[in-house]
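1. pasting the sequence and the predicted coordinates here, then a few questions.
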Amino acid sequence: MTEPAIPLLEARGISKNFGAVTALIDVNLEVRPGEVVGLVGDNGAGKSTLVKILCGALQPSSGQLLVDGSPVSFHSPKDSRDRGIEVVYQDLALAGELSVTENVFLGRERRKSGVLGRLHVIDRRGMAREADRTLTSLGIELANVTSRCGQLSGGQRQAVAVARSVMWGSTVLLLDEPTAALAVMEAEKIGLLVREVIKRGVGVVLVSHNMPQVHELCDRILVLLRGRMVAELQHGQTSVSDIVMWITGAALVQG
Amino acid sequence: MRRVLYSMDGRSQMASSAPVTPVEPSVPGAPLGEVAEAAREQQERRQASDQERRLARRRRYVEQLQGEGLLLVLVIVVVIMWVSSPYFMTSANLLTAASVVSILGIMAVAETLLIIAGEIDISIGSVMAFTSVMLGLLITDGVNIWLATVIALLLSAGVGIVNAIITVYFKVASLVTTLGTYSIFLGIAYALSNTMTVTIGGEGFGSLGSGHIASIPVPVFFFVGTWLIGAAVARFTSLGRHIYATGDNYEAAVRAGIQADKIRVGLFICISLSAGLAGIIVTSELGAAAPQIGDPYLLAVVTAVILGGASLKGGRGTMVGTLIAVAILGVLQNGFALLQFSSFLEDTVLGCLLIIAVLTDRLVRRAER
């Protein structure tokens, strides 16, 4: 890490109650440009709740979110997307019957110039060219950008979804279990893609149970245990078994 | 297998101060040599892309089969009719057939778009009846015939708005919504008309249904016009992409900023309007307003759309497919009339076609997995 830049996204003292149930207690998190922050914890530790708060799907009971150093309050995922923060879901994100290009440009179709453009006629070839360029530059190998997304493997779909977010200027990507349903080769490719993405100054929050990958990829690893952030582990100063011990709480017991 | 992850460690230089400690004890096994691992990786990658290509090829094949299969069916029914009846291949008969099937076709265009968007409207038959009866009542009350036509069309759009509100905002399945409105508006049509037929004259109005321009029946122009608009929207515009995306993956469409609900509302209005238009054309053709006019169309329209390759699951369908399917139904209807088969048999054939179409769609989907 070079000089600490202003965090792209920062969460300060986030707590969340659902009635009498406390899901998060005083959690802090920050992501800087080009940084991968791992978020790990057992089921029910509060990872999903935190991700939902970061993207505006839930509002914190107390605490503050900051984007580029200034306080924000998100009321919906749309608010966070407008500020460049995006959750990448594997299956929710893409329309399987549409082509890769059509998905990448979904909702932002490029029109032809002139009269046809005024009639909302779309520029297929131009879009295909640009989609191809973006995917290639991110190291995503696809046979053809005109193939339908439903035909792609889970990893490829994930990659297309990530590429779309990056292409449209997202600065923070929240990857929620990106490799959960993937074969090993594919999971590895997602790792490479994350590396490629952070080179562009994007910050990544990686929620995952894939401990070797978290260990290898993340600059910092935040461990949630029953709603509290119990550890912040630095890359290179921890091991997979360390992480697992923190997740299970064994590290706390051992002192 | 986890070892692969480590071998690809692009960051190992950065991490060199604290070497990576491998893995959980649950993954034993002697480490493979780097070379062997790289070779296996390459092979896996090659296998993956091979499989991808095979799948793509198989898919294209099945798709072609579906597209060309439909054309083949059309050719077959045309040949059968040609052989069976000397009148079939006369221009007079073909134009009549085109005129008859155009009414179905107008609605099939809008229904295709709606089904691509993941919804369905089965209230069209009653919208036709409702529009026709309202037209008859307005004219009986002395309203100018063209004004009455416009009002009747607006009323039909109103049914679409009702369908849209119930489906989109109260989240009732469109099959249920439109089944309900089907009964409601058919009931209203019968009640208001007292099951009586109102005769509607007028030189100009009659030409909507039975007039000719350059010896081509006027309804054909209505159909070709709607089809061209529908096809252009579906294929070339951003709205078309959004319609497909809405039916394919609603969540993704909304997340991409598409106003999927607005699109569905718009399409419900379009289909009801087209049913209203069809009702007016039939009324003009018969020279009479009657609540029975919509009866034959419900099954036929949905059959045409499904036969044309649109999927009830949404996201899939083409206007070319619908066009060919409409043509097939047109030839069949015409042929049954020429050969003087029972019209009940026609319903049976329609039902069979519908089921075959759905089964084909299922097969196509299975081939893709």
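-> Yep, it's here. Numbers count the residues shown, from 1 in each chain, chains lettered A, B, ... in the order given.

2. would you map the strands across chain A?
-> The residue ranges that make up the strands of chain A, judged by DSSP state E, are A:9-18, A:21-31, A:36-41, A:62-67, A:70-72, A:85-88, A:172-176, A:203-207, A:220-225, A:228-234.

3. any chance of those in a markdown table, plus mean neighbour count and mean pLDDT?
-> In short, each C-beta sits where N, CA and C put it, glycine included. As requested, the strands of chain A are exported to a markdown table (neighbours: other Cβ atoms under 10 Å in any protein chain shown; pLDDT from 0 to 100):
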| stretch | mean neighbour count | mean pLDDT |
| --- | --- | --- |
| strand A:9-18 | 18 | 91 |
| strand A:21-31 | 19 | 91 |
| strand A:36-41 | 26 | 91 |
| strand A:62-67 | 16 | 91 |
| strand A:70-72 | 12 | 90 |
| strand A:85-88 | 25 | 86 |
| strand A:172-176 | 25 | 89 |
| strand A:203-207 | 25 | 92 |
| strand A:220-225 | 23 | 90 |
| strand A:228-234 | 17 | 86 |
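
4. same list (those strands) but as CSV, adding distance to chain B.
-> Compiled in CSV, the strands of chain A are given as follows (distance: least, Cβ to the nearest Cβ, whole Å):
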stretch, distance to chain B
strand A:9-18, 19
strand A:21-31, 18
strand A:36-41, 10
strand A:62-67, 19
strand A:70-72, 20
strand A:85-88, 9
strand A:172-176, 13
strand A:203-207, 14
strand A:220-225, 13
strand A:228-234, 9
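
5. how about the nearest residue to residue B:192, chain neighbours excluded?
-> Excluding the flanking residues, the one nearest residue B:192 by Cβ to Cβ, 6 or more residues apart in numbering or on different chains is residue B:133, at 5.5 Å.

6. burial measure for that neighbour, as a count.
-> Residue neighbour count, defined by other Cβ atoms under 10 Å in any protein chain shown, stands at 30 for residue B:133.

7. OK, contacts around it?
-> In this structure, residue B:133 makes contact with B:189, B:192, B:193, B:198, B:289, B:290, B:291, judged by Cβ atoms under 8 Å, 6 or more residues apart in numbering or on different chains.

8. one more time with 7 Å, if that's ok
-> For residue B:133, the set of contacting residues under the criterion of Cβ atoms under 7 Å, 6 or more residues apart in numbering or on different chains consists of B:189, B:192, B:193, B:289, B:291.

9. residues near the second one, how many?
-> Residues near residue B:192, counting by other Cβ under 10 Å, number 15.

10. with the last one instead?
-> Residue crowding around residue B:291 was assessed by other Cβ under 10 Å; the count is 26.

11. what are the phi and psi values at it?
-> phi -80, psi -10 (degrees, to the nearest 10).

12. chain neighbours aside, what residue packs nearest to it?
-> For residue B:291, the spatially nearest residue (Cβ to Cβ, 6+ apart) is residue B:189, at 4.1 Å.

13. gap between the one you found and residue B:128?
-> Applying Cβ to Cβ, to the nearest Å, the value for residue B:189 to residue B:128 is 9 Å.

14. more neighbours, the two?
-> Higher neighbour count among residue B:189 and residue B:128: residue B:128, with 35 against 27, using other Cβ under 10 Å.

15. is it true that the more buried one touches residue B:278?
-> Yes. Proximity of residue B:128 to residue B:278 meets the contact threshold set by Cβ atoms under 7 Å, at 5.5 Å.

16. which SSE is the residue nearest to residue B:192 in?
-> Assigned by DSSP states H and E, residue B:133 falls within helix B:124-140.

17. low-confidence ranges in the stretch 151-255 of chain A?
-> Segments of the stretch 151-255 of chain A classed as low confidence (criterion: pLDDT under 70) are A:254-255.

18. got the contact list for residue 219?
-> Picked chain A for this. Contact criterion Cβ under 7 Å, 6+ apart gives A:1, A:35, A:36, A:37, A:235 as the residues in contact with residue A:219.

19. chain B was what I was after
-> With contact taken as Cβ under 7 Å, 6+ apart, residue B:219 is in contact with B:99, B:102, B:103, B:209, B:281.

20. up against chain B, what does chain A have?
-> Proximity of chain A to chain B (Cβ under 7 Å from any Cβ of the partner chain) is limited to residues A:92-98, A:102, A:106-107, A:109, A:111, A:120-122, A:143, A:147, A:151, A:184-185, A:188, A:191, A:195, A:212-213, A:216, A:235-237, A:239-240.

21. tell me the buried residues within those.
-> Members of the residues of chain A next to chain B that pass the buried threshold by neighbour count (16 or more other Cβ atoms under 10 Å in any protein chain shown) are listed as A:93-98, A:102, A:106-107, A:109, A:111, A:120-122, A:147, A:151, A:185, A:188, A:191, A:195, A:212-213, A:216, A:235-236, A:239-240.

22. name the residues that touch the helix or strand following the helix holding residue B:133?
-> Remark: after helix B:124-140, the chain's next helix or strand is helix B:145-164, criterion DSSP H and E. The contact list for helix B:145-164 (Cβ under 7 Å, 6+ apart) reads B:121, B:123, B:127, B:130-131, B:134-135, B:138-139, B:177-178, B:181, B:185, B:202, B:205, B:264-265, B:268-269, B:271-273, B:275-277, B:279-280.

23. how about 6 Å then?
-> B:127, B:131, B:134-135, B:138-139, B:177-178, B:181, B:185, B:202, B:205, B:265, B:268-269, B:272-273, B:276, B:280 (Cβ atoms under 6 Å, 6 or more residues apart in numbering or on different chains).

24. list the buried ones in that helix?
-> Applying a neighbour-count criterion of 16+ other Cβ under 10 Å, one finds B:145, B:148-149, B:151-153, B:155-160, B:162-164 buried in helix B:145-164.

25. strands of the stretch 101-250 of chain B, start to end?
-> The residue ranges that make up the strands of the stretch 101-250 of chain B, judged by DSSP state E, counting those that start in this stretch, are B:198-199, B:212-213, B:216-217.

26. the first one pairs with which strands, and in what direction?
-> This points to strand B:198-199. strand B:288-289 (antiparallel) (DSSP bridges).

27. and what of the last one?
-> Counting by DSSP bridges, the strands paired with strand B:216-217 are strand B:212-213 (antiparallel).

28. check the offset of the partner strand from the chain's centre.
-> Between the centre of strand B:212-213 and the centre of its chain there are 28 Å (Cα atoms, centre = their mean, to the nearest Å).

29. what do you get for stretch B:171-189?
-> Distance, centroid of stretch B:171-189 to centroid of chain: 19 Å (Cα atoms, centre = their mean).

30. go ahead and name everything in contact with that stretch.
-> Residues from elsewhere that reach stretch B:171-189, judged by Cβ under 6 Å, 6+ apart: B:119-123, B:126, B:129-130, B:133, B:159, B:163, B:166-167, B:291.

31. what is the burial count for residue B:191?
-> 11.

32. what sits against the residue positioned nearest the centre of chain B?
-> Per Cα atoms, centre = their mean, the C-alpha nearest to the average position across chain B is that of residue B:112, at 1.9 Å. Contacts were defined as Cβ under 6 Å, 6+ apart; by that measure residue B:112 touches B:305, B:310, B:317, B:322.
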